[in-house]
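Novice: need a structure here:
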Amino acid sequence: MAETGTAADGAGGEHHEHQEHPEHEHRLKRSLGFRDLVVYGLLFIAPMAPVGVFGTLDAKSHGAVALVYVIATVAMAFTAFSYAQMVRVVPQAGSVFAYARAGLGNGAGFVAGWMAMLDYVLIPAVAYLFSGIAMEALVPEVSRWVWTAIAVVVTTALNLWGVRAAARVGFLVLAMEIVVLLVFLVAAVVVLARDGAERGWLSPLSGDGTQGAFALSAVVGAVSVAVLSYLGFDAIAAFAEEVTGGSAKVARALLFCLALAGVLFVAQTYLVALLEPVSSAQLAAEPEQQGSAFYDAVDSSVGTWLHDLVAVSKAIGAAFAALAGQAAAGRLIFAMGRDRRLPEVLSRTYSGVPRVALLVSAVITMGAAVWAARRDDGLDHLVSVVDVGALTAFTLLHASVVGWFAVRRRGGPVSWWRHVLVPVLGAAITVAVIVEASHTAQVVGAIWLAVGLVVLAVQARRRPPAAT
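Specialist: Have a look, this model is predicted:
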């Protein structure tokens, strides 16, 4: 455990502030194993995340949707690798907040945590809203906002019960999602073997040719959207203080989760692209068809029964994706409260569970989700802004790797490819995706960042210098 002490010292030497409080009030309980970490990561990502964006990606990439996910997986691997580097030397619950604080300083750490908070609070709100929309379709007599609120209450209760209990229930839900995905994969293979493909067998990797020759620029443009399917795998790092067996297990879980998600995403988009009776050119010309393109392809080729099965799985899976996101948000808020970057009461734990932070996260998420559920355009507003916070935090994560290993040289001999080249390329990718984000997302992100900088400036005037 020597690395824990080193990381704490390198993170600004602020742990002396916590000694005046009873230790049990600020300590998380270690109870998670490798499987639990992977469960949380996959729950947050959702094994069938491409379902909602398949049509959009198919149209943007000229039919090369599987290639889009191959490239997106490689692109996000840079971020996963940087997380794996930092979690080994800073095994703390704050995740990117703790990493940027260690590698770049207290101010950068606050900014990273502040921007990640925007993502961790809004992504669960989107997931809860997806669940409410799906349940309203099944039981239209009950409004979507009621179903959304119910989902928040149920999953919050599980999180308050404890991280281990939530992981056990989450494992059952994830197993259901994986089974449904396998049913789809087998059914698709059977239909393709029996009836053949609607498109060329290599078209999901090379394009369907209906919008002209293969265009790398079109694929890269689609990748900027596809990387959003992976947001959430980084939540694994938030549980670093609750895992048994050391931080190396967290690093392995991060890389394994991303790799598994990439395989699942490529497999399902490859198969559904072969089943898709509508060309990418038609989807591009009629954008109203894009949202339901995955379901329409399954319905026409396999049958309505699989369409309904996938829809129910998505309804339940969305609520538990939000559970994982809420848990990660609670740990981030807990860590920022413990370091007095947010009110210190947020760092209190009960039986090793950060219940105050979880409740605050739940209240904010409930407000955003129910507000969006009561508006016809609520989903569009939420979806348009969820990515900028995470991508900004990812950029600071990559910078923290360079800062910790190459500039501060706290991690031993410098490896120029691991500690400089990979994080620089990773930062270039995340910045490029931010540039490609919607104007609304950029504006909201800029406003949130400006508010954070004001808070940071006020804190800098009030806080005494940290002891060294």
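
Novice: Only C-alpha atoms from now on, for both contacts and neighbour counts.
Specialist: OK.

Novice: Verify the contact between Leu391 and Glu436 for me.
Specialist: No - if you go by Cα atoms under 8 Å, Leu391 and Glu436 don't touch, sitting 11.5 Å apart.

Novice: Which of those two has more residues huddled nearby?
Specialist: Leu391 (26 against 14; other Cα atoms under 10 Å).

Novice: Return the residues in contact with the more buried one.
Specialist: 430-431, 433-434 (Cα atoms under 8 Å, 6 or more residues apart in numbering).

Novice: Can you tell me the element Gly330 falls in?
Specialist: Per DSSP states H and E, Gly330 falls inside helix 304-338.

Novice: what packs against that helix?
Specialist: helix 34-45, helix 106-138, helix 144-161, helix 163-195, helix 293-301, helix 355-373 (3 or more Cα pairs under 8 Å, 6 or more residues apart in numbering; DSSP states H and E).

Novice: From Asp119, how far off is the closest residue to Ala441 other than its chain neighbours?
Specialist: Closest residue to Ala441 apart from its sequence neighbours, by Cα to Cα, 6 or more residues apart in numbering: Val385 at 4.2 Å. In this view, Val385 and Asp119 are 8 Å apart by Cα to Cα, to the nearest Å.

Novice: So if I had to pick from these two, which one is more boxed in?
Specialist: When Val385 and Asp119 are compared for neighbours, Asp119 comes out ahead with 26 against 22, by other Cα under 10 Å.

Novice: wait, that one sits on Leu382?
Specialist: No - the pair Asp119 / Leu382 is not scored as a contact, 10.4 Å apart, by Cα under 8 Å.

Novice: Quick one: neighbours of Glu198, just the number.
Specialist: 16.

Novice: Kindly report the same for Arg418.
Specialist: 18.

Novice: how close does it get to Ala318?
Specialist: From Arg418 to Ala318 the distance is 35 Å (Cα to Cα).

Novice: Equivalent analysis for Leu216, please.
Specialist: 32 Å.

Novice: Between these two, which has more neighbouring residues?
Specialist: Set side by side, Leu216 and Ala318 show more neighbours around Ala318, with 27 against 14, by other Cα under 10 Å.

Novice: Quick one: neighbours of the residue lying closest to the more buried one once chain neighbours are set aside, just the number.
Specialist: Setting aside the residues directly before and after it, Ala318 is nearest to Ala127 in space (Cα to Cα, 6+ apart), at 4.9 Å. Neighbour count of Ala127, defined by other Cα under 10 Å: 30.

Novice: shouldn't Ala127 be in contact with Ala324?
Specialist: No - the criterion here is Cα under 8 Å, and Ala127 misses it with Ala324 at 10.4 Å.

Novice: how about low-confidence regions in this structure?
Specialist: Scanning the chain with the threshold set as pLDDT under 70 gives 1-27, 94, 137, 377, 379-381, 383-384, 463-468.

Novice: Show me which positions of the helix or strand in which Thr269 is found end up buried.
Specialist: Mapping Thr269 onto the secondary structure by DSSP H and E places it in helix 248-275. For helix 248-275, the neighbour count (16 or more other Cα atoms under 10 Å) marks 248-259, 261-262, 264-266, 268-275 as buried.

Novice: Buried residues in the following helix or strand past that helix, which are they?
Specialist: Downstream of helix 248-275, the next assigned helix or strand under DSSP H and E is helix 280-285. Neighbour-count burial for helix 280-285, counted by 16+ other Cα under 10 Å, picks out 280-281, 283-284.

Novice: With stretch 356-368 instead?
Specialist: 356-362, 365-366, 368.

Novice: would you turn the residues you listed into JSON lines with distance to Ser301?
Specialist: Listed next are the buried residues of stretch 356-368 as JSON lines, based on distance: Cα to Cα, whole Å:
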{"residue": "Val356", "distance to Ser301": "49"}
{"residue": "Ala357", "distance to Ser301": "47"}
{"residue": "Leu358", "distance to Ser301": "43"}
{"residue": "Leu359", "distance to Ser301": "45"}
{"residue": "Val360", "distance to Ser301": "45"}
{"residue": "Ser361", "distance to Ser301": "42"}
{"residue": "Ala362", "distance to Ser301": "40"}
{"residue": "Thr365", "distance to Ser301": "38"}
{"residue": "Met366", "distance to Ser301": "38"}
{"residue": "Ala368", "distance to Ser301": "37"}
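
Novice: which one of these is nearest Val163?
Specialist: Leu358 (11.1 Å; Cα to Cα).

Novice: Surely that closest one and Leu160 touch.
Specialist: Yes - in terms of Cα under 8 Å, Leu358 counts as a neighbour of Leu160; the distance is 7.2 Å.

Novice: Just the buried residues of the helix holding Gly330, please?
Specialist: So, applying 16+ other Cα under 10 Å, buried residues of helix 304-338: 306-307, 309-338.

Novice: got the angle between the helix holding Thr269 and helix 34-45?
Specialist: With axes from the mean of the first three to the mean of the last three Cα atoms, to 10 degrees defining the directions, helix 248-275 sits at 40 degrees from helix 34-45.

Novice: Can you check what angle separates helix 248-275 from helix 293-301?
Specialist: 50 degrees.

Novice: got the angle for helix 248-275 vs helix 163-195?
Specialist: 30 degrees.

Novice: So which elements touch helix 248-275?
Specialist: Using 3+ Cα pairs under 8 Å, 6+ apart: helix 248-275 touches helix 34-45, helix 65-89, helix 163-195, helix 203-206, helix 293-301.

Novice: now what about the next helix or strand after the shortest one, what contacts it?
Specialist: Per DSSP H and E, the first helix or strand lying C-terminal to helix 203-206 is helix 216-226. Where contact means Cα under 8 Å, 6+ apart, the residues beyond helix 216-226 that reach it are 50, 53, 57, 60-62, 64-65, 67-69, 71-72, 432-433, 436-437.

Novice: Helix 216-226 vs helix 65-89, what angle?
Specialist: Per the same axes, to 10 degrees, the angle that helix 216-226 makes with helix 65-89 is 50 degrees.

Novice: Now do the buried residues in helix 216-226.
Specialist: Buried, per 16+ other Cα under 10 Å, within helix 216-226: 218-226.

Novice: what do you get for stretch 204-213?
Specialist: 204-209, 211.

Novice: mind checking how far it is from the chain centre?
Specialist: Put simply, stretch 204-213 sits 30 Å off its chain's centre (Cα atoms, centre = their mean, to the nearest Å).
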